[in-house]
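>>> Predicted structure and sequence below. I'll ask about it afterward.
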Amino acid sequence: MATAVLIAAFRRLTKPSRQEALNALVEELDPYEWRTLQQTTASRSFQYDVIGQLPVEIVAQIFAHLDTSTPYRLHCVR
């Protein structure tokens, strides 16, 4: 129950306030909790595939404006 209330309150915060709340929470963590947080964040992927979210027709239009080697060069950048 307390977790649900905390999550609901966090969702109501503005972006700067959320960052402030996160910083304050991190300061309160003991070493075990810090390790758990590190393991949780390490297991998540923070990459977002913008091109993969677009319709194929739009992707085709974008790539039509690039030379043929550009998509291969960009694929190497992560």
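Alright, I've got the coordinates.
>>> Report the residue ranges of every domain in the chain.
Listed by automatic domain parsing, the domain ranges of the chain are 1-46, 47-78.
>>> what would those look like in TSV with mean pLDDT?
Output for these, formatted as TSV (pLDDT from 0 to 100):
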stretch	mean pLDDT
domain 1-46	91
domain 47-78	81
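>>> Now those in TSV, please, with extra columns for mean neighbour count.
Heads up, the C-betas are built off the backbone N, CA and C, glycines and all. Shown next, in TSV, are these (neighbours: other Cβ atoms under 10 Å):
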stretch	mean neighbour count
domain 1-46	9
domain 47-78	9
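>>> what separates stretch 68-78 from the chain centre, distance-wise?
Counting by Cα atoms, centre = their mean, to the nearest Å, stretch 68-78 is centred 22 Å from the centre of its parent chain.
>>> now stretch 16-36
When distances are taken as Cα atoms, centre = their mean, stretch 16-36 is centred 17 Å away from the chain's centroid.
>>> if we look at it, which residues are touching it?
Residues from elsewhere that reach stretch 16-36, judged by Cβ atoms under 8 Å, 6 or more residues apart in numbering: 10, 13, 37.
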